[in-house]
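K.L.:
for reference, the sequence and a predicted model appear below.
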Amino acid sequence: MPLTDQIVTGDLLFFLAGLAALVLGAEALVRGASKLALSFGISPLVVGLTVVAFGTSAPEMAVSVGAALDGTADIAVGNVVGSNIFNVLFILGLSALIVPLVVDAQIIRQEVPIMIGASILLLPMLLDKRVGTTDAAILLVLLIAYTTFLVVQSRRQTQATVAEYAQAAGHRAAGWDRHWAVQLLLVAAGLSLLVLGSRWLVGAAVSFAKGFGVSELVIGLTIVAAGTSLPEVATSVLAALRGERDIAVGNAVGSCTFNILGCLGLAGLASPSGLPVAEAVLNFDVWVMVAVAVACLPVFATGREIARWEGALFLGYYLAYTAYVVLAAQHHDALPGFSAVMLSFVLPLTVITLVVVVVRGNAARRD
């Protein structure tokens, strides 16, 4: 067997093994985290925003810090920006397409604005085309403050609210995993499988991509971003199917906040001279990330539900974004026509649709 065939076969085996580890890890993490919420009197939403979101973002952190140490800053920054775009458009889109997602009021009032704020905060930090040591330290301090605030807020909930959570998940309060020690073990095992599976899968995907001569930035924005976000995909989709919709939505939103504050913060500190940011990211991708974050507010606020058609819209936009990144990287002749169609037809139609939905939603609430 030729050497190239052996490499492809090995990459394929690692890809499949990584996918299996992701599925098993997501099952263990969702089961352990949802029951752990009841054991400690913490709402499933906060568990989704902290334990699950931060845990499933561990691959992004590992890749970004590793890339910073290896001197491949394009992968480090592209991974974070691409993962946030992927989290909202692909993960929430796919989850809503399978099961319409009810959005908790706390996410609309608090978590999405915090995600938007973290995204916008990044803009002035990137003006010098670098995430410096001071910038990274500020991001990490904000992450610690945000996490502390969430935990304190959850512990101040009234007993009636905690009892409501317990009643809603009463059928899950018993079983072989009812003890908190077993639940912690499930969470730890799930996170370990997610990190290991993501490492195998991303390694194989990057090997395939490099064979086609794709740049590090494009790899970071697409292959690596999607690959390191696969734990969030598996966790959110499985949580939605199991009825843990707070975890499904909270996981995606919380991961976006953690990616900016945690992943970029640690990667920036790991790099002695800071993380240089490519011109292409500043001119396009980071603005897409901010726009996607801002777009969550009107979509989430319309009936406090992500409907199937909204999920399909999110997925369509992610496919369009990926197509644009690939075409731009190759300087393809189809890029001007593709951009013209998106700007003159698709985007205006989407804005008009969202405005109509918001108006109708407000009218229905008044009635």
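P.N.:
On my side now, so go ahead.

K.L.:
and the next element down the chain from the helix or strand of the chain with the lowest mean pLDDT?
P.N.:
Taking mean pLDDT, DSSP states H and E as the measure, the helix or strand of the chain with the lowest value is helix 159-168, at a mean of 49. The helix or strand immediately downstream of helix 159-168 is helix 180-210, counting by DSSP states H and E.

K.L.:
counting contacts, what elements does that next one pack onto?
P.N.:
helix 3-39, helix 53-56, helix 58-70, helix 216-219, helix 225-228, helix 230-241 (3 or more C-beta pairs under 8 Å, 6 or more residues apart in numbering; DSSP states H and E). Just so you know, the C-beta spots here come from the backbone N, C-alpha and C atoms, and that holds for glycine as well.

K.L.:
any chance of those helices in CSV, plus mean pLDDT?
P.N.:
Listed next are the helices and strands packed on helix 180-210 as CSV, based on pLDDT from 0 to 100:
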stretch, mean pLDDT
helix 3-39, 74
helix 53-56, 71
helix 58-70, 79
helix 216-219, 78
helix 225-228, 82
helix 230-241, 81
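
K.L.:
do you know which of those lies nearest Ile260?
P.N.:
Of all the helices and strands packed on helix 180-210, helix 58-70 sits nearest to Ile260, with 10.4 Å by C-beta to C-beta.

K.L.:
and the closest one, which residues are buried?
P.N.:
Judged by neighbour count (16 or more other C-beta atoms under 10 Å), helix 58-70 contains these buried residues: Ala58, Pro59, Glu60, Met61, Ala62, Val63, Ser64, Val65, Gly66, Ala67, Ala68.

K.L.:
keeping just the C-alphas, turn that helix into PDB.
P.N.:
Output in PDB follows, covering the C-alpha atoms of helix 58-70 (Å, rounded to 0.1, in the frame of the first residue of the first chain):
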ATOM      1  CA  ALA A  58     -11.800  22.900  26.200                       C
ATOM      2  CA  PRO A  59     -10.800  21.800  22.600                       C
ATOM      3  CA  GLU A  60     -10.900  25.400  21.400                       C
ATOM      4  CA  MET A  61      -8.700  26.400  24.300                       C
ATOM      5  CA  ALA A  62      -6.300  23.600  23.800                       C
ATOM      6  CA  VAL A  63      -6.000  24.300  20.100                       C
ATOM      7  CA  SER A  64      -5.700  28.100  20.500                       C
ATOM      8  CA  VAL A  65      -3.000  27.900  23.200                       C
ATOM      9  CA  GLY A  66      -1.100  25.200  21.400                       C
ATOM     10  CA  ALA A  67      -1.200  27.300  18.200                       C
ATOM     11  CA  ALA A  68       0.000  30.300  20.000                       C
ATOM     12  CA  LEU A  69       2.900  28.400  21.500                       C
ATOM     13  CA  ASP A  70       3.700  26.900  18.100                       C
END
